[in-house]
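In: Please find the sequence and the predicted model below.
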Amino acid sequence: MREKPYFVYDENGNGLRLRIAPTGVKSFQVMKRIGTKVSFVTVGKFCGKEGSMLMHPEQAQQRARVLYAELAAGNNVNEKKKQQRREEQSKKDATLSAFMKNHYEQWSSVNHKDSEGILKRITFHFGKWFDKPLHELTSALVEGWRQEQLNMGRKPSGINRDLTALRGLLSRALDTGIIDTHPLNKVKQLKVDRNPKPRFLTTDEESRLLAALDKRQACQQAKRTRYNQWLKERRHPTLPELNIEFTDYIKPIVLLAINSGLRRGEIFNLTWHDVNFDQKYLSVEGTGSKTGHTRHVPLNQTAYETLSVWRRQTNSLSFVFPHSETGSRLRSIKSAWREVLKVADLCFPKEHPEYFTFHDLRHAFASKLVMRGASLYDIKELLGHDTIDTTQVYAHLAPQHKANIVALLDEN
């Protein structure tokens, strides 16, 4: 093996040469002359250590002509290559945390309805990877994380939602050129039950839930009375007593959910402009709906009276259920909801088969209608499902309909 590289020059005299390194790597170089100073710029490799051809001599000649044209135009070829290397290195150094903070957060706030929820999901589940460059988030790494989650007993549907959030971020990184390939392209979603049995309220559970709401309000009223008595004893101005129908927005929100089937986000987005008291219906605007389609939901007597009483109590001119301090859109009722569930004896861990969420109030609405004879098509329209397939999860609650079909076999 030679200790120093040696060169083979192009017979055409165009300044192109082939550099053969002691390791066997062959590279095409073109001569660059500035004044009396001569240097060479690499245009590509002829072949690597294993001997496979990477650039044909004709391609090298074409590339040499392009470089000479750039030099003639006064372009600094070396500086351009350095800039390209810096950009490539910048891509390698782009961490998950930096990309999320410097780009994705702002982009997501404009393009996602639940931007805050998506960002929290990514932070909670993938925060341990924040210091990793994006190009190091490989499919093997993600599949390893997924297996860990399964081993912990998490449901496939929840894991899929987490990966969907991460997938969206990486898709944006691909669109902006931060990464060259999508690391999750080969990571398929876990299979989930397309027709799971929905969790809905039994008659006893619904009674306990409503009783818990009343008990919570009674506690708030008693607490206000005690506080006013404390203020009086110290000769301070007292606060208004809470001898009203609703002490805050929790009870009316739950009553509306269980009697309209609205999603939590749709309730939070609801404005008084969306409520038609004369014709007794409310509109879920497409911009605030999961499916993006506007729908109109009739109000039963309970929902109508709930909104009528709440309208007289609140000073809000925009959101039906505004934030109590800022008046802006409500973001969460998690703490108060959990308190109600505890009092109603409905607070179960996630892995428990009786685990109950706010979204299950929507299932309760649909389930009661189905069991009282409503058609699945009507349920689909009320819930705002895109397809009847989603509504089919309630089909098992209409046994009489199936019994009538089977009974056709008994006819002569």
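Out: Cool, the structure landed.
In: can I assume Asn8 sits in a strand?
Out: No, residue 8 isn't Asn; it's Val. Yes. Per DSSP: H, G, I helix; E, B strand; the rest coil, Val8 lies within a strand segment.
In: okay, it: pLDDT?
Out: Model confidence at Val8, given as pLDDT, is 83.
In: For the chain, name the helix or strand with the lowest mean pLDDT.
Out: Least confident helix or strand, the chain: helix 77-93 with a mean of 59, by mean pLDDT, DSSP states H and E.
In: following that helix, which helix or strand comes up?
Out: Remark: after helix 77-93, the chain's next helix or strand is helix 96-99, criterion DSSP states H and E.
In: Now that following helix - C-alpha only, PDB.
Out: Taking C-alpha atoms only, helix 96-99 is exported to PDB below (Å, rounded to 0.1, in the frame of the first residue of the first chain):
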ATOM      1  CA  LEU A  96     -36.600  17.300  19.500                       C
ATOM      2  CA  SER A  97     -36.800  20.000  22.200                       C
ATOM      3  CA  ALA A  98     -35.300  22.700  20.000                       C
ATOM      4  CA  PHE A  99     -37.500  21.900  17.000                       C
END
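In: And for it, what's in contact with it?
Out: For helix 96-99, the external contacting residues (Cβ atoms under 8 Å, 6 or more residues apart in numbering) are 126, 129-134, 137, 169, 173, 178. (Glycine included, C-beta is placed from N, CA and C.)
In: looking at those residues, which has the most residues close by?
Out: Counting neighbours by other Cβ atoms under 10 Å, Ala173 leads the contacts of helix 96-99 with 24 neighbours.
In: just checking, it touches Ile179?
Out: Yes. Between Ala173 and Ile179 there is a contact under Cβ atoms under 8 Å: 4.9 Å.
In: what touches both of these two?
Out: Residues touching both Ala173 and Ile179 by Cβ under 8 Å, 6+ apart: 94, 134.
In: First-to-last residue distance for stretch 293-308?
Out: End-to-end distance of stretch 293-308 (Cα to Cα, to the nearest Å): 26 Å.
In: Mind listing what's buried along it?
Out: Across stretch 293-308, burial judged by 16 or more other Cβ atoms under 10 Å covers 295, 297, 299, 303-304, 306-307.
In: do the same with stretch 20-40
Out: Result for stretch 20-40 [16+ other Cβ under 10 Å]: buried residues 20, 25-32, 40.
In: and if you look at stretch 259-270?
Out: Result for stretch 259-270 [16+ other Cβ under 10 Å]: buried residues 259-270.
In: Redo those residues as CSV? Include pLDDT and distance to Leu369.
Out: Putting the buried residues of stretch 259-270 into CSV (pLDDT from 0 to 100; distance: Cβ to Cβ, whole Å) gives the following:
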residue, pLDDT, distance to Leu369
Asn259, 95, 11
Ser260, 95, 11
Gly261, 93, 8
Leu262, 95, 14
Arg263, 93, 16
Arg264, 93, 19
Gly265, 91, 21
Glu266, 93, 18
Ile267, 95, 18
Phe268, 94, 23
Asn269, 92, 23
Leu270, 95, 21
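In: Work out for me the element Met296 sits within.
Out: Met isn't right for residue 296; it's His. Secondary structure (DSSP H and E) places His296 in strand 295-298.
In: For my notes, please list the contacts of helix 96-99 in CSV and give secondary structure, pLDDT and distance to Val254 for each entry.
Out: Output for the contacts of helix 96-99, formatted as CSV (DSSP: H, G, I helix; E, B strand; the rest coil; pLDDT from 0 to 100; distance: Cβ to Cβ, whole Å):
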residue, secondary structure, pLDDT, distance to Val254
Phe126, helix, 94, 33
Trp129, helix, 93, 38
Phe130, coil, 92, 37
Asp131, coil, 89, 42
Lys132, coil, 90, 42
Pro133, strand, 88, 46
Leu134, helix, 88, 42
Leu137, coil, 89, 41
Leu169, helix, 93, 34
Ala173, helix, 89, 40
Ile178, coil, 83, 44
